[in-house]
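1. A predicted structure for the sequence below; I have some questions about it.
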Amino acid sequence: MAALSVFWLTLPEMDESMTALITAPAEAEVAAAAEVAAEAGQVAEVSDERVVWSLSPSRAADFMTCPLLYRFRVIDRLPEAPSAVAARGTLVHAVLERLFDAPAKDRSPAAAEQLLEPEWDKLVAAEPELECLFADEAERALWLAQAREMLDRYFTLEDPTRLEPAHRELKVQVVLSSGLRLRGYIDRLDVSATGDVRIVDYKTGTAPREEFEARALFQMKFYALVLWRTSGTVPRLLQLIYLGNGEIMRYAPDEADLLATERKIEALWKAIERARLAADWRPRRSRLCDWCAHQQFCPEFGGTPPPLPVADAPVSAAAAVTAGAPAGSGVPAAVAGSARSSAQDEVDHLPHMADVADLT
């Protein structure tokens, strides 16, 4: 661990070419497209010449887990009641993001603990229904204590006083040659003085057993593919930090890995499109069903799915309406930022079932 800490001791911003590709804003176009989306009630992405669908790692994982779950979340957009586990994950992520606002010398366990209540208040202000998660103050106190334990555990895995992330909660997206837009949020992006890139993701669950590692790494390879396609740089390291049991999973990808990931994503999208065109969203029963919020509509549990929306085609919403940049406009294929204003951002940030289940 010491060697890694030294390697990432100084983490300056990306060079100009990479920053331009990943962080160039297109605020006017995004606002205009979002306005169109609100009027049309659709989530198909607008481009200058064609409709471009979008896919995030979580929604891709949903389809691989259960096509019907994907439909419920993306096509039907069924509401999901907040859960204490998911809310705790959101809170811990928020604290770790804000922790790096402080000067390096002040990034201590005590500083992280002091952020808990204010960040929780912000979450409740944005989603008042979160206040109803707890039966009483004692239950809330226990829940906060569990979040505090995860934050304390973080400091046993990394020394944030020696890190200066290039980006936190970074929105990334790229359009593949097929027209499919990949999008997602990276918890933390580190860039070394030599330009090596490390993608870091915090998980508040426990590290998976070996047979589930590929599922966990798919999300990270997805992000690595987006960065590679936008910057031409293969990330040096993918790092998953499991705060539930204090383990770190590291993986060094290469171009062959990312090409294989791209082929898998394209094949997955074709499968999603076939399901959409045939209106054939089959349930797939697994252990993760225990955490599903939609059992009442699932045939595996005696339920009946609601009728498909009339405007389903092409509302295949792994999609989002954001701005498609006109040819020659100078707006790059990848756009990153911290604002989450589109309806698709809400869909993308629904947790994947494996993120709230302990697959150990």
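-> Structure received.

2. Using PDB, write out every CA atom in stretch 250-261.
-> Extracted in PDB, the C-alpha atoms of stretch 250-261 (Å, rounded to 0.1, in the frame of the first residue of the first chain):
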ATOM      1  CA  ARG A 250      -7.200  -3.500  -8.100                       C
ATOM      2  CA  TYR A 251      -7.000  -4.300 -11.800                       C
ATOM      3  CA  ALA A 252      -4.700  -3.100 -14.500                       C
ATOM      4  CA  PRO A 253      -6.500  -3.100 -17.900                       C
ATOM      5  CA  ASP A 254      -5.000  -3.100 -21.300                       C
ATOM      6  CA  GLU A 255      -6.300  -2.300 -24.800                       C
ATOM      7  CA  ALA A 256      -7.400  -5.900 -25.300                       C
ATOM      8  CA  ASP A 257      -9.500  -5.700 -22.200                       C
ATOM      9  CA  LEU A 258     -11.200  -2.600 -23.300                       C
ATOM     10  CA  LEU A 259     -11.900  -3.800 -26.800                       C
ATOM     11  CA  ALA A 260     -13.500  -6.900 -25.300                       C
ATOM     12  CA  THR A 261     -15.600  -4.700 -23.000                       C
END
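
3. Buried residues of that stretch, list them for me.
-> Residues of stretch 250-261 classed as buried under the neighbour-count rule (16 or more other Cβ atoms under 10 Å) are 251, 253, 257-258, 261. All C-beta atoms are positioned from the backbone trio N, CA, C, and that covers glycine.

4. Whichever strand in the chain runs longest - contacts with which helices or strands?
-> For the chain, the strand with the greatest residue count under DSSP state E is strand 181-191. Under the contact criterion of 3 or more Cβ pairs under 8 Å, 6 or more residues apart in numbering; DSSP states H and E, strand 181-191 touches strand 54-55, helix 84-99, strand 167-175, strand 197-203, helix 213-231, helix 343-348.

5. Mean neighbour count, the ones you listed: which tops it?
-> With neighbours defined as mean count of other Cβ atoms under 10 Å, the helices and strands packed on strand 181-191 peak in mean count at strand 54-55, which reaches a mean of 26.

6. ok so, going back, neighbouring strands for the longest strand of the chain, and are they parallel or not?
-> strand 54-55 (parallel), strand 167-175 (antiparallel), strand 197-203 (antiparallel) (DSSP bridges).

7. Taking their axis directions, the last one and helix 213-231 sit at what angle?
-> Between the direction of strand 197-203 and that of helix 213-231, the angle (axes from the mean of the first three to the mean of the last three Cα atoms, to 10 degrees) works out to 140 degrees.

8. Give me the angle between strand 197-203 and helix 84-99.
-> Angle, strand 197-203 to helix 84-99, by the same axes, to 10 degrees: 140 degrees.

9. And the longest one, by the same measure?
-> Strand 167-175 runs at 110 degrees relative to helix 84-99, counting by the same axes, to 10 degrees.

10. With just CA atoms, put strand 167-175 into PDB.
-> Extracted C-alpha coordinates of strand 167-175, given in PDB (Å, rounded to 0.1, in the frame of the first residue of the first chain):
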ATOM      1  CA  HIS A 167     -11.700  14.900 -10.400                       C
ATOM      2  CA  ARG A 168     -14.400  13.800  -8.100                       C
ATOM      3  CA  GLU A 169     -17.900  12.600  -9.100                       C
ATOM      4  CA  LEU A 170     -16.900  13.100 -12.700                       C
ATOM      5  CA  LYS A 171     -19.600  12.700 -15.300                       C
ATOM      6  CA  VAL A 172     -18.200  11.100 -18.500                       C
ATOM      7  CA  GLN A 173     -19.700  10.100 -21.800                       C
ATOM      8  CA  VAL A 174     -18.700   9.100 -25.300                       C
ATOM      9  CA  VAL A 175     -20.500   8.100 -28.500                       C
END
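
11. Quick one: mean pLDDT over stretch 64-74.
-> The average of the pLDDT scores along stretch 64-74 is 96.

12. Next, the distance between the ends of it.
-> Chord length of stretch 64-74, first to last residue, is 14 Å (Cα to Cα, to the nearest Å).

13. Quick one: distance of it to the chain centre.
-> With Cα atoms, centre = their mean, to the nearest Å as the basis, stretch 64-74 stands 16 Å off its chain's centre.

14. sorry, back to before: turn the helices and strands packed on strand 181-191 into JSON lines, including mean pLDDT and distance to Glu127.
-> Below are the helices and strands packed on strand 181-191 laid out as JSON lines (pLDDT from 0 to 100; distance: least, Cβ to Cβ, whole Å):
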{"stretch": "strand 54-55", "mean pLDDT": "94", "distance to Glu127": "24"}
{"stretch": "helix 84-99", "mean pLDDT": "97", "distance to Glu127": "9"}
{"stretch": "strand 167-175", "mean pLDDT": "96", "distance to Glu127": "17"}
{"stretch": "strand 197-203", "mean pLDDT": "98", "distance to Glu127": "20"}
{"stretch": "helix 213-231", "mean pLDDT": "94", "distance to Glu127": "24"}
{"stretch": "helix 343-348", "mean pLDDT": "46", "distance to Glu127": "11"}
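
15. Any chance of the ones you listed in CSV with distance to Glu129 as columns?
-> Formatted as CSV, the helices and strands packed on strand 181-191 follow (distance: least, Cβ to Cβ, whole Å):
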stretch, distance to Glu129
strand 54-55, 27
helix 84-99, 10
strand 167-175, 22
strand 197-203, 24
helix 213-231, 27
helix 343-348, 14
